[in-house]
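Student: sequence first, predicted model second:
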Amino acid sequence: MIDRAELGGPAGELARNSSLIAIEGSLVRLALRATHEHLSEGPWLVTLEQRLGTVLGKAVKVRFERGQGGGESPAEQRARADSERRQAAEVAVQGDPVVQSLIDTFGARVIPDSVRPIEG
């Protein structure tokens with residue numbers, strides 16, 4: 001829904017750091033951690049309601065509930081996936097025969113946290 005609503009800027013950050021609890025008629029209930037509550041005030045909320053209303057085909061009101069009742073937010077999902085890809089890349093580099101040969105022959109070492117997955 002975030003992509004379809006074309007949410008960017010602070011309203012997009014608000015959406016990506018919220019998790020859906022339920023859509024009940026014209027009420028959209030979102031879980032929001034206290035660390036992101038500052039985004040839930042002012043014009044960002046109005047933008048979020050308008051854009052979600054366009055996607056859902058009706059006027060909606062958004063209500064935030066503190067906590068994580070809706071599970072992982074999109075931002076948390078992305079962070080977890082990025083971490084998993086980095087870990088897999090590190091394992092792949094450490095297991096690569098060429099890298100092992102460089103380590104054995106020249107005493108090379110892989111610098112921790114320097115390995116990044118190939119995007120694409």
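Tutor: Looks like it arrived, so ask away. Please read these numbers as outputs of a predicted model, since none were measured by experiment.
Student: tell me the phi and psi of the residue lying farthest from the centre of the chain?
Tutor: In the chain, the residue that sits farthest from the middle, by C-alpha atoms, centre = their mean, is Thr105; the gap is 41.4 Å. Here is the backbone geometry of Thr105 (degrees, to the nearest 10): phi -80, psi -40.
Student: now Thr35
Tutor: Phi and psi for Thr35, reported as degrees, to the nearest 10, are phi -70, psi -20.
Student: pLDDT score assigned to it?
Tutor: What the model reports for Thr35 is a pLDDT of 84.
Student: tally of neighbours for it?
Tutor: Counted with other C-beta atoms under 10 Å, residues neighbouring Thr35 total 8. To be clear about C-beta, it is placed using only N, CA and C from the backbone, and glycine gets the same treatment.
Student: name the residues of the lowest-mean-pLDDT helix or strand in the chain that come out as buried.
Tutor: Least confident helix or strand, the chain: helix 74-95 with a mean of 89, by mean pLDDT, DSSP states H and E. Counting neighbours by 16 or more other C-beta atoms under 10 Å, one finds that the buried residues in helix 74-95 are 74, 90.
Student: which residue ranges make up the domains of this structure?
Tutor: Domain assignment for the chain, taken from automatic domain parsing, gives 9-66, 75-106.
Student: show me the shaky parts of this structure.
Tutor: Applying pLDDT under 70 to the chain flags residues 67-70, 120.
Student: name the nearest residue to the most centrally placed residue in it, ignoring sequence neighbours.
Tutor: The residue lying closest to the centre of the chain (C-alpha atoms, centre = their mean) is Ala75, at 1.6 Å. Spatial nearest neighbour of Ala75, chain neighbours left out: Arg16 (4.4 Å); criterion: C-beta to C-beta, 6 or more residues apart in numbering.
Student: thanks again, I'm all set now.
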